[in-house]
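Q: A structural model of the following input is requested.
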Amino acid sequence: MDCLKNEPHAEVIQDVKNYPTLVRYGAGVFSEFIGSDPESTVPIMLGIWKADDIQDNEVVFEASQDEVKYIISGESTWKIAQTEQEFHVGPGSVLWLPKGSRTIRVRSKGLTAFYVEQGARLPTTLQEANVSWVPKLDALYNRVLKDFIQQNPKSQDRFNAATKVMPGGNTRSVLHYDPFPLALISGRSCYVTSADGAEYLDCVSEYSAAMFGHSNPNILEAIQKAMSRGINLGGPGNDEVLLAQSIKDRFHSIDTVRFCNSGTEANTMALALATHVTQKHKILAFENGYHGGSIQFDSKPLATTIPHDFILGRFNDIEYTKSLLSDEIGAIIVEPMQGAGGVTVGTKEFLQFLRNAAMKYKALLIFDEVVTSRLHINGLQGHFNIFPDITTLGKYIGGGPSFGAFGGRAEVMEALDPRHPSPIHHSGTYNNNIFTMAAGVAAAKILTQDKIKKANSLGDKLRDGINSTMKTYSVQLIGANGMGSMIGIRFNGPDQTRLRDCFFLYMLSRGIYLGKRGFVALNLVHEEQHIDQLLDSFSAFMEEVFGECKWMN
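A: Below is the predicted model of the structure:
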């Protein structure tokens with residue numbers, strides 16, 4: 001038999017153990033476990049997997065062993081992590097997942113599969129798993145919630161007073177969280193200070209608008225000089241020409257540009273311009289897309305979305321989106337990386353497909369780079385070398401004050417010229433306000449590709465660190481995705497809301513301010529030690545909640 005040692009051959013697996021209980025692992029439940037003893041030379045496991053439904057989150061799966069899944073019911077969309085290529089599975093499909101492969105479950109509904117895996121482990125039953133971490137999660141949540149309330153009386157007083165004059169106590173929904181939001185009174189570098197005097201490492205960066213950190217001295221000086229010359233002058237100024245030139249120099253698809261007050265306004269005007277130029281009023285947008293407070297979608301337009309004739313494709317899904325195309329479409333609007341929709345990066349193939357579709361159907365392609373332009377000096381359009389007809393911008397480019405812009409090819413933008421035979425009207429009292437124009441010019445002098453690369457490198461370290469930490473736990477309910485300095489921390493499973501809320505308050509208890517939904521935007525003043533601080537706190541959270549949830553291999 002020695003001659004068979006290095007040759008493939010049949011082998012009988014003796015004493016295969018049966019685990020007839022439920023097991024929760026990652027974003028799903030396994031049942032009818034049959035697994036060989038870990039000492040076996042040819043280990044094997046098989047059973048039934050019922051996946052959690054997912055729509056807004058992506059679940060990353062890295063195969064620790066060779067595995068086959070046969071889909072019994074439901075449907076799902078997956079993509080290959082390395083190439084971003086998407087594929088759909090349904091009843092009768094077989095997934096082959098070789099050891100070391102990384103796949104991402106983008107969405108699924110009612111997915112059930114029979115699986116066979118070349119491995120062995122002693123699983124924790126669902127009942128035991130609940131004992132080991134759910135009570136710990138509840139206890140930790142109650143503790144950090146109590147501490148938060150006790151340590152922030154001034155923020156609570158501010159919130160109580162605010163609810164008497166503003167619905168919900170604020171005027172920006174994303175800033176609300178229970179039991180009340182921190183009142184922030186000052187900021188410096190990458191730190192913010194609350195009304196109760198606590199300082200926090202700011203990893204939100206004003207949802208990507210504070211890319212230069214807080215109170216950058218060069219930007220402050222520019223604003224103060226502009227203010228000394230007058231606040232509301234009511235005419236064109238020099239700074240807007242300089243800012244427009246800096247934008248044209250950065251974004252190769254922009255010949256001319258117009259300013260407004262926010263990314264929302266920029267996208268509103270871009271859609272109006274596109275439908276005016278093409279004289280076609282159907283607009284292709286995408287599920288989970290966010291183009292501002294009045295242009296946002298889940299599986300359909302929200303109640304606040306302006307009433308254009310929208311058709312919704314699926315992000316990164318070429319085949320589905322292809323079925324929606326027609327000559328009636330006048331505009332295609334897309335984020336090269338969805339931000340609020342899960343920090344999901346568009347594939348180059350998908351974005352190129354949209355570029356080709358716009359040309360074929362004589363529509364105008366709009367890239368919403370309000371957030372994504374921070375990832376490359378030429379925007380993600382420069383990174384992918386795919387260029388739209390119109391680009392929308394916002395957030396940090398104005399240096400901190402309220403800012404929006406839209407620009408594009410000269411033959412498209414000329415419709416905004418009042419001298420045009422069929423002009424489109426664009427007005428706004430504060431479009432060229434002196435604070436934003438001056439701050440934007442100063443900010444443009446600060447930003448370089450090297451600084452962007454540094455922030456992206458730190459973001460990659462954070463994302464990789466979170467995912468590497470998760471691999472040491474059997475309960476795969478948290479993951480991180482995104483690109484460069486933009487990170488989305490995802491929470492999965494039936495307790496994902498409690499898990500998310502507990503994580504948010506826990507990080508605050510350790511002096512770290514994140515977006516409650518798991519949003520992280522690093523800025524140019526973050527350093528290596530800040531990422532280490534965040535990763536140390538993440539590891540501490542995992543140990544407190546999931547410390548006993550480890551597979552026995």
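
Q: Spatially central residue for this structure, please.
A: Val343 (1.7 Å; CA atoms, centre = their mean).

Q: residues touching the closest residue to it other than its chain neighbours, list them.
A: With CB to CB, 6 or more residues apart in numbering as the criterion, Val343 has its nearest non-adjacent residue at 2.9 Å, and that residue is Gly488. Quick note: C-beta positions are derived from backbone N, CA and C, even for glycine. Each residue near Gly488 by CB atoms under 8 Å, 6 or more residues apart in numbering is listed here: 342-344, 480-482, 518-520.

Q: for Tyr141, same thing?
A: By CB under 8 Å, 6+ apart, the neighbours of Tyr141 are 498, 501-502, 505.

Q: Just put the contacts of Gly488 in TSV and tack on pLDDT, secondary structure and distance to Ala442.
A: Supplementary listing: those in TSV, determined by pLDDT from 0 to 100; DSSP: H, G, I helix; E, B strand; the rest coil; distance: CB to CB, whole Å:
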residue	pLDDT	secondary structure	distance to Ala442
Gly342	85	coil	33
Val343	91	coil	28
Thr344	92	strand	33
Ala480	94	strand	33
Asn481	93	strand	33
Gly482	95	strand	28
Gly518	94	coil	32
Phe519	95	strand	26
Val520	97	strand	26
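
Q: Return the one helix or strand Asn267 maps to as CSV; C-alpha atoms alone will do.
A: Asn267 is located in helix 263-278, with elements delineated by DSSP states H and E. Extracted C-alpha coordinates of helix 263-278, given in CSV (Å, rounded to 0.1, in the frame of the first residue of the first chain):
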residue,chain,number,x,y,z
GLY,A,263,-24.0,67.1,-3.9
THR,A,264,-27.8,66.8,-3.9
GLU,A,265,-28.1,70.0,-5.9
ALA,A,266,-25.3,68.9,-8.2
ASN,A,267,-27.1,65.6,-9.0
THR,A,268,-30.5,67.4,-9.3
MET,A,269,-29.0,69.8,-11.9
ALA,A,270,-27.1,67.1,-13.7
LEU,A,271,-30.3,65.1,-14.3
ALA,A,272,-32.1,68.3,-15.4
LEU,A,273,-29.3,69.1,-17.8
ALA,A,274,-29.1,65.6,-19.2
THR,A,275,-32.9,65.3,-19.9
HIS,A,276,-32.9,68.8,-21.4
VAL,A,277,-30.0,68.0,-23.7
THR,A,278,-31.3,64.6,-24.8
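
Q: what's it packed up against?
A: strand 256-260, strand 282-286, strand 329-334, strand 364-368, strand 390-394, strand 404-408, helix 410-413 (3 or more CB pairs under 8 Å, 6 or more residues apart in numbering; DSSP states H and E).

Q: try 6 Å
A: If contacts are counted by 3 or more CB pairs under 6 Å, 6 or more residues apart in numbering; DSSP states H and E, helix 263-278 sits against strand 329-334, strand 364-368, strand 390-394, strand 404-408.

Q: Which positions within that helix qualify as buried?
A: 263-278 (16 or more other CB atoms under 10 Å).

Q: Could you do stretch 416-424 as well?
A: Buried residues in stretch 416-424, counted by 16+ other CB under 10 Å: Leu416.

Q: what comes into contact with it?
A: Stretch 416-424 is contacted from outside by 258, 273, 276, 414-415, 426, using CB atoms under 6 Å, 6 or more residues apart in numbering.

Q: who touches stretch 88-100?
A: 63, 65-71, 73, 75-77.

Q: Closest one of the residues you listed to Gly511?
A: Using CB to CB, Ala63 comes nearest to Gly511 of the contacts of stretch 88-100, at 37.1 Å.

Q: can I assume that closest one is in contact with Tyr115?
A: No. With contact defined as CB atoms under 6 Å, Ala63 does not count as touching Tyr115 (11.0 Å).

Q: list the residues that contact both of those two?
A: Counting by CB under 6 Å, 6+ apart, nothing touches both Ala63 and Tyr115.

Q: And the contacts of stretch 425-442?
A: Here stretch 425-442 makes contact (CB under 6 Å, 6+ apart) with 218-219, 222-223, 226, 239-240, 242-243, 259-261, 269, 398-401, 403, 416.

Q: and with 7 Å instead?
A: By CB atoms under 7 Å, 6 or more residues apart in numbering, the surrounding residues in contact with stretch 425-442 are 218-219, 222-223, 225-226, 231, 233, 236-237, 239-240, 242-243, 258-261, 269, 397-403, 416.

Q: Drop anything exposed from the residues you listed.
A: Buried residues within the contacts of stretch 425-442, counting neighbours by 16+ other CB under 10 Å: 219, 222-223, 226, 237, 239-240, 242-243, 258-261, 269, 397-403, 416.

Q: Just these: which are in helices?
A: Per DSSP state H, helices hold the following members of these: 219, 222-223, 226, 239-240, 242-243, 269.

Q: Including pLDDT, could those go into TSV?
A: Shown next, in TSV, are these (pLDDT from 0 to 100):
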residue	pLDDT
Ile219	97
Ala222	97
Ile223	96
Ala226	94
Asp239	96
Glu240	96
Leu242	98
Leu243	98
Met269	97
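
Q: Could you dump these into CSV with distance to Ser155 added?
A: CSV is the format used below for those (distance: CB to CB, whole Å):
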residue, distance to Ser155
Ile219, 27
Ala222, 32
Ile223, 27
Ala226, 33
Asp239, 37
Glu240, 38
Leu242, 40
Leu243, 36
Met269, 37
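
Q: And the residue nearest to Val343, what's its pLDDT?
A: Listed pLDDT for Gly488 reads 95.

Q: and it, what element?
A: strand 486-491.

Q: starting at the chain centroid, how far to that strand?
A: 6 Å (CA atoms, centre = their mean, to the nearest Å).

Q: cool, stretch 443-456 as well?
A: Using CA atoms, centre = their mean, the offset of stretch 443-456 from its chain centre is 21 Å.

Q: Stretch 60-71 now?
A: Computed by CA atoms, centre = their mean, the chain-centroid distance of stretch 60-71 equals 25 Å.

Q: then that stretch to CSV, C-alphas only?
A: C-alpha atoms of stretch 60-71 as CSV (Å, rounded to 0.1, in the frame of the first residue of the first chain):
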residue,chain,number,x,y,z
VAL,A,60,-17.5,37.7,2.3
PHE,A,61,-16.7,34.0,2.3
GLU,A,62,-13.2,32.6,2.3
ALA,A,63,-13.2,28.8,1.9
SER,A,64,-11.0,27.1,4.5
GLN,A,65,-11.4,23.8,2.8
ASP,A,66,-12.6,22.6,-0.6
GLU,A,67,-16.4,22.8,-0.7
VAL,A,68,-19.4,22.1,-3.0
LYS,A,69,-22.8,23.7,-2.5
TYR,A,70,-25.8,22.3,-4.4
ILE,A,71,-28.6,24.9,-4.4
